[in-house]
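Participant: I would like to see how this sequence folds:
(one chain, ligands or ions: 2)
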Amino acid sequence: MDAELFPRSRTEIAPGAVHVPDWLDMERQRRLLAACRDWARPPAGLRTVRTPGGGTMTARQVCLGHHWYPYGYAPTVVDGDGAPVKPFPAWLDTLARRAVADAAGTAPVKGPGPATAPGAAADPTPDPRVPANLHDLAPYDIALINFYDGDARMGMHRDSDEKSDAPVVSLSLGDTCVFRFGNPRSRARPYTDVELRSGDLFVFGGPSRQAYHGVPRVYAGTAPPALGLAGRLNITLRVSGFGGG
Ligand SMILES: O=C(O)CCC(=O)C(=O)O
Ligand SMILES: [Fe+2]
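Facilitator: Ligands and ions are numbered 1, 2, ... in the order given. Below is the predicted model of the structure:
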């Protein structure tokens, strides 16, 4: 869409942390946005997250599969309306596996393959582009969907409440942000600031699975007009490792 002076390309930001620009085309972005709008509805919809210190997170959030709250997971919205968390659909697991394969650079094809309609049953046949070892990964079963509007941002943190070291898959829709990706030891430098735009994929696993990361800035009004979203949505897909579903 943009005529870039320097085209954006797949980049390894840190060991095991890969940025794949423009992974979702506009049609897939629209479908994912429509799904997010459904998930955001009550019950168990978009909520403001309160932190134990008495503060609130500026990004509002909705979860699928397992409900995240600071700092753990529950089957119901224990810090909200108490409703059961919405189910994690099989098509998001398929999408996450394709994302991991594409980010690893083991799959020649860019993009998530045939569009999978939200709500559609997952295709049971293995995707030939997904390397065999990915089929051994436990299913992705958690989605955290963060909505950033106004001055929303997210402080440096680790995704450490899961019991699996499977890579975290992050998809961005809407406004461009600065995604700060650091190291597993501290919130401080070294870190790298990456611009995440609508449709971009970011995967972090391996030695970067426990790296600190955050969103210091969102550029309001930068979403592609064709998407029809004011603000930014981020969808992070994770493997719980909790066992027993
Ligand atoms: O919004 C983002 O890009 C990051 C979200 C995130 O780090 C999280 O939900 O744990
Ligand atoms: Fe995170």
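
Participant: Could you use CA atoms for every contact and neighbour count after this?
Facilitator: Noted.

Participant: what sits against Phe6?
Facilitator: By Cα atoms under 8 Å, 6 or more residues apart in numbering, Phe6 lies in contact with nothing.

Participant: I meant Leu134, not that one.
Facilitator: Contacts for Leu134 (Cα under 8 Å, 6+ apart) come out as 97, 101.

Participant: Quick check: it is in a helix.
Facilitator: Yes: counting by DSSP: H, G, I helix; E, B strand; the rest coil, Leu134 falls inside a helix.

Participant: in this protein, which spans are strands?
Facilitator: With strands called from DSSP state E, the chain shows them at 11-14, 17-20, 60-64, 67-69, 72-74, 142-148, 154-157, 168-174, 177-181, 192-196, 201-204, 213-218, 232-238.

Participant: what about these, which gets the closest to ligand 1?
Facilitator: With Cα to the nearest ligand atom, the closest approach to ligand 1 among the strands of the chain belongs to strand 232-238: 4.7 Å.

Participant: buried stuff in the closest one?
Facilitator: 232-238 (16 or more other Cα atoms under 10 Å).

Participant: What residues does the chain have near ligand 1?
Facilitator: Proximity of the chain to ligand 1, by Cα under 6 Å from any ligand atom, involves residues 144, 159, 214-215, 234, 236.

Participant: Specify which member of those is nearest to Arg28.
Facilitator: Of all the residues of the chain next to ligand 1, the one with the least separation from Arg28 (Cα to Cα) is Asn234, at 14.3 Å.

Participant: Please name the bridge partners of the closest one.
Facilitator: Under DSSP bridges, the beta-bridge partners of Asn234 are Asn146, Ser172.

Participant: how about it, what does it touch?
Facilitator: 144-147, 170-173.

Participant: Could I get the residues you listed in TSV, plus columns for distance to Asp102?
Facilitator: Below are these laid out as TSV (distance: Cα to Cα, whole Å):
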residue	distance to Asp102
Leu144	21
Ile145	21
Asn146	23
Phe147	25
Ser170	13
Leu171	13
Ser172	16
Leu173	18
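
Participant: Most neighbours among these, which one is it?
Facilitator: Ranked by neighbour count (other Cα atoms under 10 Å), the contacts of Asn234 have Leu173 at the top, with 28 neighbours.

Participant: and that one, what pLDDT?
Facilitator: At Leu173, the model reports a pLDDT of 98.

Participant: Could you find the closest non-adjacent residue to it?
Facilitator: Closest residue to Leu173 apart from its sequence neighbours, by Cα to Cα, 6 or more residues apart in numbering: Ser198 at 4.1 Å.
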